[in-house]
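**Q** Got a predicted structure plus its sequence, pasted below:
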Amino acid sequence: MKKVIVVEGMDTLLMGKAVSLILEELKGVDKVTLDLDEESIIVEYVRGALTEDDLCDAINEEGYEVIDIFDA
């Protein structure tokens, strides 16, 4: 599966790397790609291993705010 996650205010490399690390630590995530221009992250993961809620909750629980998530 491949999802695009838009995170509010993610326009610096430091913040983008922090959010990337959160996702990379989730079991089932294969690849995380940062797109600062779009304030988003593209995450690739094993189908059935995670839900959209799992991805959003992991980010939101660390104090960031997911604005949108959609299929890549």
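**A** That came through fine.

**Q** per-residue pLDDT, L36?
**A** pLDDT, L36: 88.

**Q** same thing with the one 4 residues further on?
**A** The confidence metric pLDDT takes the value 95 at S40.

**Q** beta partners of it?
**A** V6, D35 (DSSP bridges).

**Q** Can you give me the distance of it to K27?
**A** 22 Å (CB to CB, to the nearest Å). Using the backbone N, CA and C atoms, a C-beta is placed for each residue, glycine as well.

**Q** the helices in this protein, which residues?
**A** 13-24, 52-60 (DSSP state H).

**Q** Would you reformat the ones you listed as TSV and include mean neighbour count, distance to L34 and mean pLDDT?
**A** TSV is the format used below for these (neighbours: other CB atoms under 10 Å; distance: least, CB to CB, whole Å; pLDDT from 0 to 100):
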stretch	mean neighbour count	distance to L34	mean pLDDT
helix 13-24	15	4	95
helix 52-60	16	13	97
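
**Q** Could you save the ones you listed as a markdown table and add columns showing distance to L36?
**A** Below are the helices of the chain laid out as a markdown table (distance: least, CB to CB, whole Å):
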| stretch | distance to L36 |
| --- | --- |
| helix 13-24 | 6 |
| helix 52-60 | 16 |
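
**Q** Can you check which of those gets nearest to K3?
**A** The minimum distance between K3 and these falls on helix 52-60, with 6.6 Å, by CB to CB.

**Q** mind checking the end-to-end distance for stretch 4-20?
**A** Stretch 4-20 has an end-to-end distance of 12 Å (CA to CA, to the nearest Å).

**Q** ditto for stretch 1-11
**A** End-to-end distance for stretch 1-11: 25 Å, by CA to CA.

**Q** Contacts for it next, please.
**A** Identification of contacts with stretch 1-11 by CB atoms under 8 Å, 6 or more residues apart in numbering yields 15-16, 19, 23, 36, 38-47, 50, 52, 55-56, 59, 64-72.

**Q** in that stretch, what's buried?
**A** Buried residues in stretch 1-11, counted by 16 or more other CB atoms under 10 Å: 1, 3-7, 10.
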